[in-house]
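> what follows is a predicted protein model with its sequence.
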Amino acid sequence: TKIIEECLKEELPPVYEDYNSLITLYEEFINHFRRVEKDVMLEDNGIDPLTGLRSIKAFKKDYLAEMDRLARQGKQFTVALMRIDGFDIMKETYDHEGVHSYQRGVADIIKKSIRSFDDGYRMDSDEYLLLFKQSDMQGGLKAMERLKRELEKQNLTYEISEETLPVSLSSCIAAPVVGDLFDVDEMREYLD
């Protein structure tokens, strides 16, 4: 409004630097607005905007569908809970974007290592759920081995106190049976 008032008062075009600054701020605002809009649309579609994995809301629906398939057809499936080791130290050391880059890196490794019909879900900042469809415990363990090999192949590292450390993951696998109906918090507690 200041630029407009000055232009009207002096009946001259705005100073180029002021006008350019206004345009830059406007473009940044519009880009931020578009990102927020995209994030909301993705989340409503069951996609976590940060990682591109499925959201925890989608897990609840998919888990119930797999439990129904297990009860009707006997199709086993496994669920794995994964946590990024040392994530609290990463949060203390890196800014938000740095931390997000590790979360996206782990998500990319998950996407590369799971089968096309399996799904990965981002839970909290350092936790992921994996749903291995049509997979017994042995199949779930093989899937986790694929993920471990991909993590080693990608050689994702972080630095703490001038020391370079590999990003590692801790995980646990469960094979639900007919009648196991957990909400997400119970599932996490069970797997912990």
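Cool, the structure landed.

> quick one: neighbours of Leu25, just the number.
For Leu25, the count of nearby residues is 10 (other C-beta atoms under 10 Å). Where you see a C-beta, it was placed from the backbone N, CA and C, and this is true even at glycine.

> on the C-terminal side of the helix or strand containing it, identify the next helix or strand.
For Leu25, the host element (DSSP states H and E) is helix 16-44. Downstream of helix 16-44, the next assigned helix or strand under DSSP H and E is helix 56-73.

> mind listing what Leu50 touches?
Taking C-beta atoms under 8 Å, 6 or more residues apart in numbering as the criterion, Leu50 is in contact with His100, Gln103, Arg104, Ala107, Arg122.

> quick check: closest non-adjacent residue to the fourth one.
Think Ala107. Of all residues not flanking Ala107 in the chain, Thr51 sits nearest, at 3.5 Å (C-beta to C-beta, 6 or more residues apart in numbering).

> can you pull the contacts of Glu162?
Residues near Glu162 by C-beta under 8 Å, 6+ apart: none.

> can we start the residue count at 19 from this point?
Okay, residue one is now 19; in that scheme the one you just asked about reads as Glu180.

> circling back: buried only: go through the contacts of Leu68 for me.
Gln121, Ala125, Arg140 (16 or more other C-beta atoms under 10 Å).

> ok, Asn38 - how many residues close by?
Here the number of neighbours of Asn38 (other C-beta under 10 Å) works out to 11.

> next: Ile178.
By other C-beta under 10 Å, the residues close to Ile178 number 13.

> so what's it scoring on pLDDT?
Predicted confidence (pLDDT) at Ile178: the value is 84.

> which residues touch it?
Gly104, Ile107, Met108, Thr111.

> make a ChimeraX selection of the buried ones in these.
A single ChimeraX command selects the buried members of the contacts of Ile178 (16+ other C-beta under 10 Å):
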select :104,108
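
> OK, contacts around the residue nearest to Ala125?
Thr69 touches Gln121, Arg122, Val124, Ala125, Arg140, counting by C-beta under 8 Å, 6+ apart.

> the same query, at a cut-off of 6 Å, please.
Shown in contact with Thr69 (C-beta atoms under 6 Å, 6 or more residues apart in numbering): Gln121, Arg122, Ala125, Arg140.
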